[in-house]
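here is my input, please return the structure:
(one chain, ligands or ions: 1)
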Amino acid sequence: MEIEIAPGFSVTYIEGFYEPREADDLFHALVGLEMTHEEVRMRGRLYRCRRKTLPVGVDYNYNPASKSASEWTPLMLDIKTRVESVAGPLDGGLVQLYPDGNAGIGWHEDKHKPEVVASLSLGAERDFVFGVGPTNKCTEVWRRRLTHGSLILVPSQTNEAFKHRLPPTKRVNQPRVNVTLRRFTRQPGTR
Ligand SMILES: O=C(O)CCC(=O)C(=O)O
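A predicted model of the protein is given here:
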């Protein structure tokens, strides 16, 4: 389903992209992966995030502290192939574990102008928000609760015109896994 998040800007949201039983299996396989806390370097300081991450396939230098990618595994290649059936060719991926509602991700746009960002949600339902304006004063324009097994496709125009975030929430005390796959217009390793 194509959804207009603001006049002229859309995303595609596919509820049940993985049906519940498959989504459960995938969630359990991914939650068992070895992931390490995400670290972000900002204004010379290193911050340790609550969420854990595992980059796969292609190095994605979105932050000076971003990690090197691991090799594709059969599990990750299966996900990539399945997501490519609706998103077209994809380069690399990032698996993220939000252990509970205290973990989130702040306002940002995806760096290096990906042509498309395909984002798969598994586990606890969390709100995903788009906003406009500078990072410290971003105004929310659209919000959607992303369900277990759903996929959201964000085209480059929407990624570049808006920031997005996953706000922390007291409502959730269960883990969520996100797999984000991207197609880049140029080598992501170049800063
Ligand atoms: O977990 C999510 O749904 C959002 C992830 C995200 O914004 C990102 O990886 O850039």
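
residues in contact with Ser68?
Pro55, Asp59 (C-beta atoms under 8 Å, 6 or more residues apart in numbering). (C-beta placed from N, C-alpha, C; glycine too.)

helix or strand for it, which one?
Assigned by DSSP states H and E, Ser68 falls within no helix or strand.

backbone dihedrals for it, both of them.
Main-chain torsions, Ser68, degrees, to the nearest 10: phi -80, psi 150.

what pairs with Leu166 across the strands?
Assessed by DSSP bridges, Leu166 has beta-bridge partners Ile105.

that one: neighbour count?
21 (other C-beta atoms under 10 Å).

use 20 as the first number from now on
Renumbered: residue one is now 20, and that last one reads Leu185.

would you confirm that it contacts Trp126?
No - taking contacts as C-beta atoms under 8 Å, Leu185 lies outside contact range of Trp126: 10.1 Å.

the ligand contacts on the chain?
With the criterion set to C-beta under 6 Å from any ligand atom, the chain comes near the ligand through Leu113, Gln115, Ile124, Asp129, Ser138, Phe147, His183, Leu185, Asn197, Thr199.

looking at these, which are in helices?
Judged by DSSP state H, the residues of the chain next to the ligand include no members of helices.

just the buried ones from the residues you listed?
Using 16 or more other C-beta atoms under 10 Å as the burial test, the residues of the chain next to the ligand include Leu113, Gln115, Ile124, Asp129, Ser138, Phe147, His183, Leu185, Asn197, Thr199 as buried.

Ala42: helix or strand, and which one exactly?
Going by DSSP H and E, Ala42 is part of helix 39-50.
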